[in-house]
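Asks: With the sequence up front, the predicted model follows.
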Amino acid sequence: MKKVEIDAKGMHYTPLNKMIREAVKNGAKEIILDNVIGQRFIADGLKGDVTIRINGVAGGDLGMFMNGPTCIVNGNCDHAPGNTMDGGTIVIHGSAGDAVAHSMRGGKLFVEKNIGYRGGIHMKQYEEDRRPALVVGGASHAFLGEYMAGGLIIVLGIGQENPVMDRGIGSGIHGGMIVIRGEVKDELLGVGARKMEFGEKELEMITPYVEEFCKHFDTEPSGLLDTNYTCIVPASTRPFAGKYTWE
Amino acid sequence: MSLGSVPLKYKVTIDREQCMHCMRCINNCSYGVFHREDDRIIIDSRKCTACHHCISMCPRDAISLQERPVDYRSHPLWTAEAREDIINQARTGKIILAGMGNAKPYPVIFDRLVLDACQVTNPSIDPLREPMELRTYIGKKPPRLEIDKKDNGDIEMLTKLTPNLKLETPIMIGHMSYGAISLNAQLSLAKAVEKTGTFMGTGEGGLHEAIYPYQKNMIVQVASGRFGVDINYLERGAAIEIKIGQGAKPGIGGHLPGEKVCQDVSCTRMIPLGSDAISPAPHHDIYSIEDLAQLVRSLKEATEWKKPVFVKIAAVHNAAAIAAGIARSSADAVVIDGFRGGSGATPKVFRDNVGIPIEAAVASVDQKLKDQGIRNKISVIASGGIRNSADIAKSIALGADAVYIGTGALIAMGCRVCGQCYRGMCPWGIATQRQELVDRLDPEIESEHVANLIRSWTLELSELMGAAGINSIESLRSNRSRLRGYMLDEGTLDVLQVKPVGA
């Protein structure tokens, strides 16, 4: 396994990404980026089978359009990690900003702590192998899963009483599922979203994601594997079907 | 009490003397206007959309069509349209959906601008004899070139140029997605731009495999729904366009109805079969001009800064200031889509009332960029309601580098602007996904029609330029002294920076 270490101190994102691409081209299986301090677009559009360990704070759009690699961030992330991502895994040992997993079409994104506004907005799925998942350990702000067209969002609320206290959950949702630990007040649901009972079948569905989350962050899944979740799904796959009349 | 029916929009008649009962009208009308009862063709005019497919296919010219055969009491304010819209909304309680561009009779500024020609003092140029330079480069131009002269006489350019698109004519085809139009329609356009050395947009519908052979002529679009966007798509395109807005519907997103999401459209857009494809009004990773710069750079970074990135906005009141912001975002071109821009499906209230004309928008954008000394940083593409080569010449003289055409290219393939695109029944095989209708459109033939249109307009452009004594498109660009305004008000002339006729 070929390991490459890059010191990102003071480096602009373009040469940094160039070095990452070069390393992947040369067969690197593991790339360690030290002293990352807000460089944007890390692994943007990157393809291949490689694990990138990011030590520091990753800037905006980490893993945008990425297909394949794994990014492990030992620190927080700025906004939109996993933006329009196609495949691969992002693991964030910390919190992330707004629009996490925006329009993500495939792969998995795990956030240990909290996320900002518009998490999982317009996530979509396509065929069986392109079913994205966003798992948040802590809490989320407003507009979670807005316009969601597919995939899965899980908010585990570890150490939180109410992991989602803001409004607009799933407004305009027309595919996929949002799973939130504990009760969610009805008035927090957006237009087009409805609650569905969370039973054993749903628990079975989320279990592998919860177990993977716990593996990444070295915690115990046992306290999380019960049916104390709220499941939010689309009221219709055609939210705008009844809005128009012909000229 | 019932509202009853509104009068017929169109009245279709068959000249029974001429009719030879070939029944082609029955087969050609996808809306079901004609059917056969015994030996007689029965007409249901209420279903007619004035698409003219039956008329164009009738071997005896036996079919006639009349618009609004029933008079209302005439009234300058309460037009038939105003009354019928109210009746429609009283029945349904819904938003009225319409197709094609702005249908209100606003004055057309293009038609009040006249071009110049040479007489005596400077000779005009005959394009038959002299080379006319219509080649256009879209993208950033360096403010100056640094060169190094070697001892052996060689010259090396030190300035690093950014990627530009090379167009053989300043006419491109705008973005019409696979989904909104059929694959055969898109394929026809793709073949046409390849033949004529120019480019076309994919729209937000992904890139179908059948279009891959033409990818070097495709501008791939990234819009708020991110449909069909992945790294391979970005790498395939010759350029990438971020769609912020559309002239036909500034400020709102788009919804491709589930009925149009067939197996192939689903694969190309990478969305589930039969579900609505919803493009939200904003990009949810762009809430500011700084965020736009970030999306531009993310696309450049993903494609290793090898491709120009365009940003398309609808022409709105502050278009000039917005374009100036875009020019500072690393974008290579800004597309301004005027309020007459086409659309397959748009709320009528937006289509007819929101946005400003392309003529004014392009002129003010060009002026603002020049005032700020950043015109070279970005190309300007005018779009929305370009009907002929004169509109193109005028757009360029007002400050555009190139234009996008849309509806014009569709008309070249048969479209008669009936405006029913959103119904998915287009008898010309353009705005439909029904295979039996799509099959009517032969990409070999229609690509030639579209290519002919581009060739004709290119020829006319070179004639217009020659007459004005201009032998390079660059000398026409933003050359407002070659325009005069005829019956335009002082305020508009001031915005256009054009003198009135006679001045």
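Replies: Thanks, I have the structure now. Since we're looking at a predicted model, the values are computed, not measured.
Asks: Burial check on the closest residue to B:Phe339 other than its chain neighbours, number of neighbours?
Replies: Distances taken as CB to CB, 6 or more residues apart in numbering or on different chains put B:Gly355 closest to B:Phe339, at 3.3 Å, once the chain neighbours are dropped. C-beta: built from backbone N, CA, C; applies to glycine. Using other CB atoms under 10 Å in any protein chain shown, B:Gly355 has 28 neighbouring residues.
Asks: do B:Leu158 as well
Replies: 8.
Asks: same check, this time on B:Ile374
Replies: Other residues close to B:Ile374 by other CB under 10 Å number 15.
Asks: What about it? Give its phi and psi, please.
Replies: Note on B:Ile374: backbone dihedrals following degrees, to the nearest 10 are phi -120, psi 20.
Asks: if I look at the residue lying closest to it once chain neighbours are set aside, how far off is chain A?
Replies: Spatially, and ignoring its direct neighbours in sequence, B:Ile374 is nearest to B:Ala327 (4.8 Å; CB to CB, 6+ apart). For B:Ala327, the distance to chain A equals 20 Å [CB to the nearest CB, to the nearest Å].
Asks: check contacts around B:Ala327.
Replies: B:334, B:369, B:372, B:374, B:377-378 (CB atoms under 8 Å, 6 or more residues apart in numbering or on different chains).
Asks: and the helix or strand B:Ala409 falls within, how far from the chain's centre?
Replies: Assigned by DSSP states H and E, B:Ala409 belongs to helix B:407-411. In terms of CA atoms, centre = their mean, to the nearest Å, the centre of helix B:407-411 is set 8 Å apart from its chain centre.
Asks: Kindly report the same for stretch A:76-89.
Replies: Offset of stretch A:76-89 from its chain centre (CA atoms, centre = their mean): 7 Å.
Asks: is any part of it close to chain B?
Replies: Yes: shown here: stretch A:76-89 in contact with chain B (CB under 8 Å from any CB of the partner chain) through A:79-80, A:83-84, A:86.
Asks: Name the member of these with the most neighbours.
Replies: Ranking the residues of stretch A:76-89 next to chain B using other CB under 10 Å puts A:Ala80 first, with 33 neighbours.
Asks: A:Asp98 is in contact with that residue, correct?
Replies: Yes: A:Ala80 is within contact range of A:Asp98, at 7.1 Å (criterion: CB atoms under 8 Å).
Asks: which neighbours does the host helix or strand of B:Ile278 have in its sheet, and in what orientation?
Replies: When elements are assigned from DSSP H and E, B:Ile278 belongs to strand B:277-279. Partner strands for strand B:277-279, per DSSP bridges, with pairing direction: strand B:254-256 (antiparallel).
Asks: immediately after the partner strand, which helix or strand?
Replies: For strand B:254-256, the succeeding helix or strand toward the C-terminus, using DSSP H and E, is helix B:263-269.
Asks: could you dump that following helix to CSV, C-alpha only?
Replies: Below are the C-alpha coordinates for helix B:263-269, written out as CSV (Å, rounded to 0.1, in the frame of the first residue of the first chain):
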residue,chain,number,x,y,z
GLN,B,263,-36.5,5.2,-18.7
ASP,B,264,-34.0,7.0,-20.9
VAL,B,265,-34.6,10.5,-19.4
SER,B,266,-34.3,8.9,-16.0
CYS,B,267,-30.9,7.4,-16.8
THR,B,268,-29.6,10.5,-18.4
ARG,B,269,-30.7,12.8,-15.6
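Asks: Please name every helix or strand in contact with the helix or strand that contains B:Glu444.
Replies: Assigned by DSSP H and E, B:Glu444 falls within helix B:443-467. Secondary structure elements in contact with helix B:443-467, counted by 3 or more CB pairs under 8 Å, 6 or more residues apart in numbering or on different chains; DSSP states H and E, are strand B:171-175, helix B:183-196, helix B:389-397, helix B:407-411, helix B:473-476.
Asks: just the ones you listed: most buried one?
Replies: Stretch with highest mean neighbour count among the helices and strands packed on helix B:443-467: strand B:171-175 (a mean of 27; mean count of other CB atoms under 10 Å in any protein chain shown).
Asks: how near is whichever residue of chain A sits closest to chain B to B:Val229?
Replies: Here the residue of chain A nearest chain B is A:Gly45; by CB to the nearest CB that distance is 3.0 Å. Look at A:Gly45 and B:Val229: by CB to CB, to the nearest Å, they are 11 Å apart.
Asks: Name the single longest helix found in chain A.
Replies: Identified as the longest helix of chain A according to DSSP state H is helix A:200-217.
Asks: next structured bit after that helix?
Replies: Using DSSP H and E, the first helix or strand after helix A:200-217 is strand A:229-234.
Asks: ok, now how distant is B:Lys499 from B:Tyr486?
Replies: On the measure of CB to CB, B:Lys499 and B:Tyr486 end up 11 Å apart.
Asks: I meant B:Glu84, not that one.
Replies: 35 Å.
Asks: Compare the two (neighbour count), which wins?
Replies: B:Glu84 (16 against 11).
Asks: and that one, which of the three is it?
Replies: helix (DSSP: H, G, I helix; E, B strand; the rest coil).
Asks: How about it: what's its closest non-neighbour residue?
Replies: B:Val6 is the one closest to B:Glu84 (CB to CB, 6+ apart), at 5.1 Å.
Asks: give me the element B:Val114 is part of.
Replies: Short version, using DSSP H and E: B:Val114 is in strand B:113-115.
Asks: Work out the sheet partners of that strand and label each with its direction, please.
Replies: Counting by DSSP bridges, strand B:113-115 is paired with strand B:483-485 (antiparallel).
Asks: which residues sit against the partner strand?
Replies: Outside of strand B:483-485, the residues within contact range by CB under 8 Å, 6+ apart are B:112-116, B:394, B:397-398, B:492-493, B:496, B:498-503.
Asks: at 10 Å instead, please
Replies: By CB atoms under 10 Å, 6 or more residues apart in numbering or on different chains, the residues outside strand B:483-485 that reach it are B:109, B:112-116, B:359, B:363, B:393-394, B:397-398, B:492-493, B:496-503.
Asks: distance of the residue nearest to B:Phe339 from chain A?
Replies: For B:Gly355, the distance to chain A - CB to the nearest CB - is 19 Å.
Asks: need the contact list for that residue.
Replies: Neighbour list for B:Gly355: B:102, B:245-251, B:314-317, B:319, B:337-341, B:361, B:384 [criterion: CB under 10 Å, 6+ apart].
Asks: how about the nearest residue to B:Arg440, chain neighbours excluded?
Replies: Among residues not flanking B:Arg440 along the chain, B:Gly429 sits closest, at 4.1 Å (CB to CB, 6+ apart).
Asks: Give me the helices and strands touching whichever strand or helix holds A:Cys71, please.
Replies: For A:Cys71, the element it lies in under DSSP H and E is strand A:67-74. Helices and strands touching strand A:67-74, by 3 or more CB pairs under 10 Å, 6 or more residues apart in numbering or on different chains; DSSP states H and E, are helix A:13-25, strand A:30-37, strand A:51-57, strand A:87-92, strand A:108-111, helix B:231-236.
Asks: List the contacts of residue 25.
Replies: If you meant another chain, say so; for now it's chain A. By CB under 10 Å, 6+ apart, the neighbours of A:Lys25 are A:Gly48.
Asks: my question was about chain B
Replies: B:12, B:14, B:19, B:33-35, B:41, B:43, B:53-55, B:57-58, B:62-63.
Asks: Give me the buried positions along the worst-scoring helix or strand of chain A on mean pLDDT.
Replies: None of the helices or strands of chain A scores lower by mean pLDDT, DSSP states H and E than strand A:244-246, at a mean of 88. By 16 or more other CB atoms under 10 Å in any protein chain shown, the buried positions in strand A:244-246 come out as A:244-245.
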